[in-house]
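**Q** Using only what follows, build the 3D model:
(one chain, ligands or ions: 1)
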Amino acid sequence: MSKTFKASEVAEHKTPDSLWIVVDEDVYDVTKFADNHPGGKKILQRVGGKDASKQFWKYHNEGILNKYKKDLHIGSLDTKKAVAPVAAPKAVEAPKPAPAKAAPAEKKEEKDNEPLELAGSLIPFGDPSWYQGYFSPYYNETHVALRNEVRAWVEEKIEPGLNDWDKAKAYPTWIYEEMGSRGYLAGLLGLGYPTEYTPYRVAAVPAEKWDLYHEFIVTDELCRTGSGGFIWNIIGGYAIGLPPVLKFGSPELRQKVLPDVVQGKKRICLAITEPDAGSDVANITCEAKKTPCGKFYIVNGEKKWITNGVWSDWFTVAVRTGGPGMGGVSVLVIPRGEGVTTRQMDCMGVHGSGTTYVTFEDVKVPVENLVGKENQGFKVIMMNFNHERMGIIIQCTRFARVCYEEAMKYANKRKTFGKKLIEHPVIRMKLAQMARQVEATHNWLENMIYQCAQMGEQEAALKLGGAIAGLKAQSTVTFEFCAREAVQIFGGLGYTQGGQGAKVERLYRDVRGYAIPGGSEEIMLDLSIRQSMKVHEVMGMKL
Ligand code: HEM
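**A** Numbering: from 1, shown residues only. Take a look at the predicted model:
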């Protein structure tokens with residue numbers, strides 16, 4: 001149990017050999033920490049024995065307390081009111097418990113649609129509007145419960161270590177394993193909740209109620225960390241490498257690959273891009289030749305910029321099995337083994353993504369590992385694009401929002417020329433330009449998710465390809481704008497790594513990792529018009 005102290009007791013600990021401070025009525029013993037305090041020890045000694053809340057919040061954000069609390073927190077002031085701890089839901093094995101219910105809103109007059117439980121800082125536009133008491137046709141209590149569950153997990157277990165992991169460009173493997181055991185991985189495939197491959201379930205949502213908005217919420221909440229490297233580390237390979245196997249693999253292949261990957265025990269990636277073929281998939285050269293006995297393919301070739309390749313157990317690979325062009329492409333699932341070599345690449349941002357150069361040299365792959373039909377791999381690849389791009393859009397939109405939210409918080413505490421930054425019209429203009437783009441992108445995104453949910457896979461692939469390409473470009477342009485403006489607002493703190501500007505500095509470096517892969521902005525914008533024109537021609541467009 002936490003101790004309570006009187007302010008007069010704390011006041012006695014103001015010397016270097018016994019130094020306590022108070023932040024928000026919590027008492028911290030910083031005697032040993034003072035020597036290592038990045039801001040200096042004298043600055044701590046000056047507030048020894050006193051309430052240092054004002055000074056603390058001037059120089060730090062919430063992440064610092066989460067990280068250091070367990071070592072430095074010794075109790076609270078007797079004036080502090082007790083707050084009931086909120087227990088984070090635990091991972092469960094099927095059958096799962098009933099979904100956690102959102103606290104019932106005060107009963108007013110009967111309406112079809114009520115705003116849902118509030119969440120987050122309530123900074124205007126700092127979270128999606130349905131978190132802030134506004135109406136939405138898309139969400140219900142299961143979405144609220146999931147949002148609360150993922151947010152609690154991220155804040156408690158991920159945020160405190162994130163800056164250090166990101167700097168080391170390496171994330172602990174328990175995160176991916178927990179993504180499996182908490183049931184999140186199974187829900188990230190764009191195809192409902194595949195219960196046959198995992199005993200794990202998401203605590204907050206019954207599997208049969210899982211929809212595309214739940215998938216959206218998991219990724220969105222993970223992205224509040226403000227780290228593309230973190231997201232790619234845990235789902236960058238998974239969310240694009242596994243859906244083709246689930247959708248087009250034979251039942252035997254699915255049984256071989258899916259259970260371990262969905263449960264977070266093994267890893268998979270998608271290997272399409274080559275040193276010489278990126279967005280022009282039809283020109284890939286990595287070849288798979290059948291052996292005379294017809295039982296194996298022998299694969300030779302190189303793949304580049306493969307997210308998670310360096311630690312993957314399985315590779316979902318585009319190979320050439322036939323003649324030139326898209327009619328000669330197949331997809332094979334290749335296990336790591338003899339002839340497969342992976343080399344980590346150094347990139348500008350998205351550190352921790354495990355971006356990899358892969359070589360296949362005389363790799364023997366059983367023909368049963370073919371995904372779909374021979375020479376019909378182009379369809380498999382195309383059918384994957386919408387899901388991949390929607391993932392990127394979700395990430396970019398939340399990253400843009402994080403840039404806005406961080407900048408907004410900072411603008412409300414930093415003073416220049418006797419005024420808070422927010423009181424300068426030039427800064428408000430920047431924030432307004434950020435918010436309007438984030439909200440526009442988010443609303444288009446929710447609409448696209450609704451369209452995907454209504455249409456079958458095939459129809460969505462054909463009909464939504466153009467709009468999703470346009471939205472991908474919209475999201476990366478928005479993200480880039482917000483990252484730039486946030487760094488400007490943070491000034492020097494947005495230029496140095498770590499500290500209060502850590503998220504925006506990191507996201508500024510991550511932007512290109514979103515604007516280029518998954519279809520560059522240029523290709524996406526061009527495709528959005530070409531593809532939509534084709535669809536609307538069929539629909540009877542009159543020009
Ligand atoms: C629980 C107590 C505290 C902890 C754990 C702590 C921790 C840290 C850490 C980790 C940093 C590096 C920058 C960052 O990551 O944000 C930092 C910087 C700093 N801290 Fe503290 N701190 C504490 C209390 C204080 C207090 C009470 C003051 C002021 C009276 C203070 C003043 C500063 C300053 C001026 C910097 C440098 C900021 C910059 O680089 O812009 N700290 N602190």
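
**Q** Could you pull up the residues touching the closest residue to the ligand within the chain?
**A** As assessed by C-beta to the nearest ligand atom, the ligand sits closest to G39 within the chain, at 2.5 Å. (C-beta placed from N, C-alpha, C; glycine too.) Going by C-beta atoms under 8 Å, 6 or more residues apart in numbering, G39 touches Y59.

**Q** ok so it is a strand residue?
**A** No - counting by DSSP: H, G, I helix; E, B strand; the rest coil, G39 is not part of a strand but coil.

**Q** Would you mind listing what in this structure touches the ligand?
**A** 21, 23, 28, 30, 37-39, 43-44, 47, 52, 55-56, 59-60, 64, 68, 72, 498-500 (C-beta under 6 Å from any ligand atom).

**Q** Now which of those residues would you call buried?
**A** In the residues of the chain next to the ligand, burial by neighbour count holds for 21, 23, 28, 30, 44, 47, 52, 55-56, 60, 64, 72, 499-500, counting by 16 or more other C-beta atoms under 10 Å.

**Q** Looking at those residues, which are in strands?
**A** Counted as lying in strands by DSSP state E, out of those, are 21, 23, 28.

**Q** tell me the pLDDT at the residue lying closest to the last one once chain neighbours are set aside?
**A** Spelled out, that is Y28. With C-beta to C-beta, 6 or more residues apart in numbering as the criterion, Y28 has its nearest non-adjacent residue at 4.4 Å, and that residue is L72. pLDDT for L72: 96.

**Q** Next up, the contacts around L72.
**A** L72 is in contact with 28-30, 33, counting by C-beta under 8 Å, 6+ apart.

**Q** Would you check how far apart it and I422 are?
**A** 31 Å (C-beta to C-beta, to the nearest Å).

**Q** Repeat that for E406.
**A** Remark: distance between E406 and I422 (C-beta to C-beta) = 13 Å.

**Q** Over to Y410?
**A** Distance, Y410 to I422, by C-beta to C-beta: 9 Å.

**Q** Lowest-scoring secondary structure element of this protein by mean pLDDT?
**A** Sorting the helices and strands of the chain by mean pLDDT, DSSP states H and E puts strand 92-93 at the bottom, at a mean of 57.

**Q** Which one's more surrounded, E406 and I422?
**A** Counted by other C-beta atoms under 10 Å, E406 and I422 do not tie: E406 has more neighbours, with 25 against 18.

**Q** Let me see the confidence value for that one.
**A** Looking at E406, its pLDDT stands at 97.

**Q** which residues touch it?
**A** Counting by C-beta under 8 Å, 6+ apart, E406 makes contact with 226, 486, 490, 501, 503-504.

**Q** And these, which is closest to Q437?
**A** Nearest to Q437 among the contacts of E406 is A486, at 12.5 Å by C-beta to C-beta.

**Q** And the pLDDT at that closest one?
**A** pLDDT, read off for A486, is 98.

**Q** Distance from the stretch of helix or strand it belongs to to the middle of the chain?
**A** Element membership for A486 (DSSP states H and E) is helix 465-490. Averaging C-alpha positions (C-alpha atoms, centre = their mean, to the nearest Å) puts helix 465-490 15 Å from its chain's average.

**Q** now stretch 186-202
**A** Computed by C-alpha atoms, centre = their mean, the chain-centroid distance of stretch 186-202 equals 18 Å.

**Q** Which residues in it does the neighbour count mark as buried?
**A** For stretch 186-202, burial by neighbour count (16+ other C-beta under 10 Å) applies to 186-191, 193-195, 197-198, 200-202.

**Q** In CSV: those, plus distance to N233, secondary structure and pLDDT.
**A** Converted to CSV, those look like this (distance: C-beta to C-beta, whole Å; DSSP: H, G, I helix; E, B strand; the rest coil; pLDDT from 0 to 100):
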residue, distance to N233, secondary structure, pLDDT
A186, 18, helix, 97
G187, 18, helix, 97
L188, 14, helix, 96
L189, 18, coil, 95
G190, 20, coil, 91
L191, 23, coil, 85
Y193, 23, coil, 95
P194, 23, coil, 95
T195, 26, helix, 96
Y197, 22, helix, 97
T198, 21, coil, 97
Y200, 20, strand, 97
R201, 24, strand, 97
V202, 21, coil, 97
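
**Q** Okay, strands next: where are they in the stretch 201-350 of the chain?
**A** Applying DSSP state E, counting those that start in this stretch to the stretch 201-350 of the chain gives strands spanning 268-271, 287-290, 296-306, 314-320, 329-335, 340-344.

**Q** In space, what's closest to N148 - neighbours in sequence excluded?
**A** N148 sits nearest to A119 (C-beta to C-beta, 6+ apart), 6.8 Å away.

**Q** residue contacts, the one you found?
**A** If you count contacts by C-beta under 8 Å, 6+ apart, then A119 has 127, 131-132, 144, 147-148, 151 around it.

**Q** Show the contacting residues for P124.
**A** Per C-beta under 8 Å, 6+ apart, neighbours of P124: 132, 435.

**Q** List phi and psi for it.
**A** When read as degrees, to the nearest 10, the backbone of P124 gives phi -50, psi 130.

**Q** distance of it from E439?
**A** Noted for P124: a distance of 10 Å to E439, by C-beta to C-beta.

**Q** next one: Y357
**A** Y357 is 39 Å from E439, by C-beta to C-beta.

**Q** same check, this time on D24
**A** Where E439 is concerned, D24 sits at a distance of 31 Å (C-beta to C-beta).

**Q** Neighbour count: these two, which is higher?
**A** Just comparing D24 and E439: by other C-beta under 10 Å the higher neighbour count belongs to E439, 17 against 13.

**Q** My reading is that that one lies in a helix. Confirm?
**A** Yes - counting by three-state DSSP, E439 is located in a helix.

**Q** how about low-confidence regions in this protein?
**A** For the chain, the stretches flagged by pLDDT under 70 are 1, 83-112, 279.

**Q** longest helix of it?
**A** helix 377-411 (DSSP state H).

**Q** what residues are up against A34?
**A** Residues near A34 by C-beta under 8 Å, 6+ apart: 16, 19, 41, 44-45.

**Q** Where does the record place the domain boundaries for this structure?
**A** Domain assignment for the chain, taken from automatic domain parsing, gives 3-77, 134-236, 263-375, 386-539.

**Q** how far does the longest one stretch from start to finish?
**A** Counting by C-alpha to C-alpha, to the nearest Å, the length from the leading to the trailing residue of domain 386-539 is 21 Å.

**Q** same thing with the second one?
**A** In domain 134-236, first residue to last residue: 32 Å (C-alpha to C-alpha).

**Q** same question, the shortest one
**A** Here the two ends of domain 3-77 are set 8 Å apart, with distance taken as C-alpha to C-alpha.

**Q** mind listing what E12 touches?
**A** 18, 49.

**Q** I meant I306, not that one.
**A** Contacts of I306 (C-beta under 8 Å, 6+ apart): 237, 269-271, 273, 315, 342, 355-358.

**Q** and A11, what does it touch?
**A** A11 makes contact with 49-50, according to C-beta under 8 Å, 6+ apart.

**Q** got the residue ranges for the helices in the stretch 51-200 of the chain?
**A** 53-59, 62-72, 141-153, 159-168, 173-181 (DSSP state H, counting those that start in this stretch).

**Q** Can you spell out which helices and strands pack onto the longest one?
**A** The criterion is 3 or more C-beta pairs under 8 Å, 6 or more residues apart in numbering; DSSP states H and E, and the helices and strands that helix 141-153 contacts are helix 212-222.

**Q** how about the helix it packs on as PDB, C-alpha atoms only?
**A** Written as PDB, here are the backbone C-alpha positions of helix 212-222 (Å, rounded to 0.1, in the frame of the first residue of the first chain):
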ATOM      1  CA  LEU A 212     -13.600  -3.700 -39.400                       C
ATOM      2  CA  TYR A 213     -14.000  -0.900 -37.000                       C
ATOM      3  CA  HIS A 214     -12.500  -3.100 -34.200                       C
ATOM      4  CA  GLU A 215      -9.600  -3.700 -36.500                       C
ATOM      5  CA  PHE A 216      -9.300   0.000 -37.100                       C
ATOM      6  CA  ILE A 217      -9.400   0.800 -33.300                       C
ATOM      7  CA  VAL A 218      -6.600  -1.700 -32.500                       C
ATOM      8  CA  THR A 219      -4.200  -0.100 -35.000                       C
ATOM      9  CA  ASP A 220      -5.300   3.400 -34.300                       C
ATOM     10  CA  GLU A 221      -4.700   3.000 -30.500                       C
ATOM     11  CA  LEU A 222      -1.300   1.400 -31.100                       C
END
